[in-house]
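Visitor: Below are the sequence and a predicted model for it; my questions follow.
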Amino acid sequence: MVGTILVVCLLLRRWRIAAFVVFALIVESASYRATTLVIHRHRPRVVRLEHLPVNASYPSGHTAASIAVYGGLVLLLTSITRNRVFRVLAWTLAVAIPMFVALSRMYRGMHHPLDVAGGALVGIAALMVVVFACRAAGAAAGMRREHEQRREVTVGAGEA
């Protein structure tokens, strides 16, 4: 999903959107890795439907990534449309998909409920970091443009 979004954005030369998608996943992945280095928790002692290592249960990286990807995607899509039905449907899916991911990770015996809650926090925090960084970059670009326009007016007035 992320690869497809990235390729489409690069083909359309939507550099900021491509960067948003990439950095949302980078922040989520880095936060997940840092957390697993600090907090050591074993997976639930149940029959597993997957054969993965029994360590690194907290937080749920799948839950965090699904929130970062689908939350980021819905933020991007709803920022370009005002259609109320589309926005409600998009946000419904952006909430439902990570919930299904979280439930499936618990069902498969890979995570405890607290692991999934931690993953949700990591995913939300990753989105918040990227959104704030994008807003700060946009504000800085606007200030730079305003400064250049003032300088052009000042230089133009000095020539007259």
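Guide: All right, it came through fine.
Visitor: Pop out the phi and psi values for Arg13.
Guide: With angles defined as degrees, to the nearest 10, Arg13 sits at phi 60, psi 40.
Visitor: switch to numbering from 850
Guide: Okay, using 850 as the starting number, the last item reads as Arg862.
Visitor: what's the pLDDT at it?
Guide: Looking at Arg862, its pLDDT is 83.
Visitor: Does the nearest residue to Arg954 once chain neighbours are set aside belong to a helix, a strand or coil?
Guide: Among residues not flanking Arg954 along the chain, His960 sits closest, at 4.6 Å (Cβ to Cβ, 6 or more residues apart in numbering). C-beta here means a position set from N, CA and C on the backbone, and glycine is covered the same way. Classification of His960 by DSSP: H, G, I helix; E, B strand; the rest coil places it in coil.
Visitor: any idea how far Gly910 is from the spatially most central residue of the chain?
Guide: With distances taken as Cα atoms, centre = their mean, Ala917 lies nearest the centre of the chain, 2.8 Å away. Separation of Ala917 from Gly910 (Cβ to Cβ, to the nearest Å): 10 Å.
Visitor: Good, we can wrap up now.
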